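Undergrad: got a structure for you, letters missing:
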């Protein structure tokens with residue numbers, strides 16, 4: 001189904017319903033990459049439907065990996081370490097920074113040169129943060145002022161002990177994946193906890209990875225084995241429905257089979273601080289990834305501050321969190337300069353869009369404040385080609401007095417193609 005470029009959002013008194021969300025985007029990327037690096041066949045069910053995770057599959061096919069996709073089930077024939085084929089054309093990562101950064105760690109160890117390209121948005125995003133540690137391991141990566149296209153000249157890598165200055169699960173993962181191809185032990189010590197899907201996925205495919213506080217280490221030369229794995233529902237996608245339920249009085253939303261990885265669910269505490277009631281019912285653990293049911297009910301509005309120390313654990317949920325204050329209460333975010341180098345400058349895009357919807361918002365250098373003063377008037381907000389902005393604006397517009405339009409709403413295909421269909425079903 002095609003998604004309209006402009007979505008029209010009509011006011012809602014509440015949201016109500018029970019749903020599941022698409023497969024987790026972060027986990028889908030990692031399972032696909034590790035399935036390709038393992039030996040034998042892997043079958044991944046509930047693979048994320050968005051364009052970003054399809055970009056990972058497309059790039060892997062370009063590297064000689066046999067992949068069959070039927071709906072949300074992906075079958076991958078692993079080739080093992082250093083056995084990828086030299087691509088005959090540039091590898092197109094589309095809009096996916098995760099694909100480009102993590103695949104760079106694998107390509108750095110292959111016995112050939114490969115070029116990765118991306119769309120206009122991805123070509124503006126910083127890549128030096130991954131080029132630097134891979135360079136320390138012996139790889140040579142050519143770029144345009146630290147941006148894509150990236151040409152990775154694969155070589156025999158050596159292990160390093162790396163301490164990035166900015167917390168990034170993608171950088172950590174790229175270094176660890178490169179470290180798998182070395183002789184020796186590679187370690188990454190982060191300045192703050194980031195999502196740990198790579199560590200859990202490595203264990204699921206039979207690799208041994210050691211975690212000690214903020215330090216992750218891996219021994220090179222290990223062999224992984226193909227697996228049959230389910231992908232939990234994407235918590236970052238669920239975040240928009242959780243926020244919608246918390247922001248509109250009288251709302252209750254139940255989200256089933258959603259991932260409950262402890263490094264991803266800081267939003268639950270944030271919603272409770274804001275004043276919502278959140279009930280979490282763990283159901284099962286698959287491949288080290290917990291998943292279960294979340295029930296969110298609106299209760300009251302509060303004042304919410306997101307401190308710099310909280311930002312790494314909430315980085316993908318911040319656009320959704322901001323929509324909490326569309327109708328009442330306030331949200332202040334500090335120390336989130338990383339938002340400026342996402343799919344859009346999310347600080348400027350968010351503040352501009354909220355103001356156009358009639359919501360009081362103020363931009364700061366590394367953050368912003370949103371203050372709800374009753375139902376906003378509604379208006380026209382431009383998502384700036386950013387999937388999370390499109391969804392945040394749609395949720396914020398639910399509480400408006402009048403109809404709103406979201407320009408560039410088709411960006412949701414990046415992570416959640418059926419977002420607007422689900423929104424229509426939940427609105428009451």
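TA: The structure has been received and is ready for your questions. Bear in mind that the values here come from a model prediction, so they are computed numbers and not experimental data.

Undergrad: Now do the same contact list for the closest residue in space to residue 69 that isn't next to it in sequence.
TA: Spatial nearest neighbour of residue 69, excluding adjacent residues (C-beta to C-beta, 6 or more residues apart in numbering): residue 57 at 6.8 Å. C-beta coordinates here come from the backbone N, C-alpha and C atoms, glycine included. Taking C-beta atoms under 8 Å, 6 or more residues apart in numbering as the criterion, residue 57 is in contact with 32, 67, 69, 74.

Undergrad: domains of the protein?
TA: Split into domains by automatic domain parsing, the chain comes to 6-23+232-426, 25-230.

Undergrad: Save these as JSON lines, and put in mean pLDDT too.
TA: Listed next are the domains of the chain as JSON lines, based on pLDDT from 0 to 100:
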{"stretch": "domain 6-23+232-426", "mean pLDDT": "96"}
{"stretch": "domain 25-230", "mean pLDDT": "97"}
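
Undergrad: Would you map the helices across the stretch 151-300 of the chain?
TA: 169-179, 197-204, 235-247, 266-274 (DSSP state H, counting those that start in this stretch).

Undergrad: between these, which one is nearest to residue 395?
TA: helix 235-247 (4.8 Å; C-beta to C-beta).

Undergrad: that older thread, quick one: which of the contacts of residue 57 is nearest residue 52?
TA: Once C-beta to C-beta is applied, the member of the contacts of residue 57 that ends up nearest residue 52 is residue 32, at 11.2 Å.

Undergrad: Check the secondary structure at that closest one for me.
TA: helix (DSSP: H, G, I helix; E, B strand; the rest coil).

Undergrad: That one and residue 44 touch, don't they?
TA: Yes: Residue 32 lies in contact with residue 44 (C-beta atoms under 8 Å); the separation is 6.9 Å.

Undergrad: Can you pick out the residue with more neighbours from those two?
TA: Just comparing residue 32 and residue 44: by other C-beta atoms under 10 Å the higher neighbour count belongs to residue 32, 28 against 23.

Undergrad: who are the neighbours in contact with the more buried one?
TA: Counting by C-beta under 8 Å, 6+ apart, residue 32 touches 44, 47, 53, 56-57, 60, 74, 76.

Undergrad: Neighbour-wise, give me the winner out of the contacts of residue 57.
TA: Counting neighbours by other C-beta under 10 Å, the top entry in the contacts of residue 57 is residue 32, with 28 neighbours.

Undergrad: mind listing which of the contacts of residue 32 are in strands?
TA: Mapping the contacts of residue 32 onto strands (DSSP state E) picks out 44, 74, 76.

Undergrad: Which single one of these is nearest to residue 258?
TA: residue 44 (17.3 Å).

Undergrad: Against residue 315, how distant is the closest one?
TA: Between residue 44 and residue 315 the distance is 25 Å, computed by C-beta to C-beta, to the nearest Å.

Undergrad: Over to residue 228?
TA: Per C-beta to C-beta, residue 228 is found 31 Å from residue 315.

Undergrad: Between the two, point out the one with more neighbours.
TA: It is residue 315, of residue 228 and residue 315, that has more neighbours when counted by other C-beta under 10 Å, with 20 against 11.

Undergrad: Tell me the spacing between that one and residue 180.
TA: 26 Å.

Undergrad: that older thread, please work out which of the helices of the stretch 151-300 of the chain is packed deepest.
TA: For the helices of the stretch 151-300 of the chain, the largest average neighbour count (mean count of other C-beta atoms under 10 Å) is found in helix 235-247, namely a mean of 28.

Undergrad: Which secondary structure elements does that helix sit against?
TA: helix 25-37, strand 252-259, helix 266-274, strand 289-297, helix 318-322, helix 387-397, helix 419-426 (3 or more C-beta pairs under 8 Å, 6 or more residues apart in numbering; DSSP states H and E).

Undergrad: for the second one, packing partners?
TA: For strand 252-259, the elements it packs on are strand 16-20, helix 235-247, strand 289-297, judged by 3+ C-beta pairs under 8 Å, 6+ apart.

Undergrad: try it again with 10 Å
TA: Contacts defined by 3 or more C-beta pairs under 10 Å, 6 or more residues apart in numbering; DSSP states H and E place strand 252-259 against strand 16-20, helix 235-247, strand 277-286, strand 289-297.

Undergrad: could you redo the ones in strands among the contacts of residue 32 as JSON lines and give each row distance to residue 385?
TA: Shown next, in JSON lines, are the ones in strands among the contacts of residue 32 (distance: C-beta to C-beta, whole Å):
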{"residue": "44", "distance to residue 385": "28"}
{"residue": "74", "distance to residue 385": "26"}
{"residue": "76", "distance to residue 385": "30"}
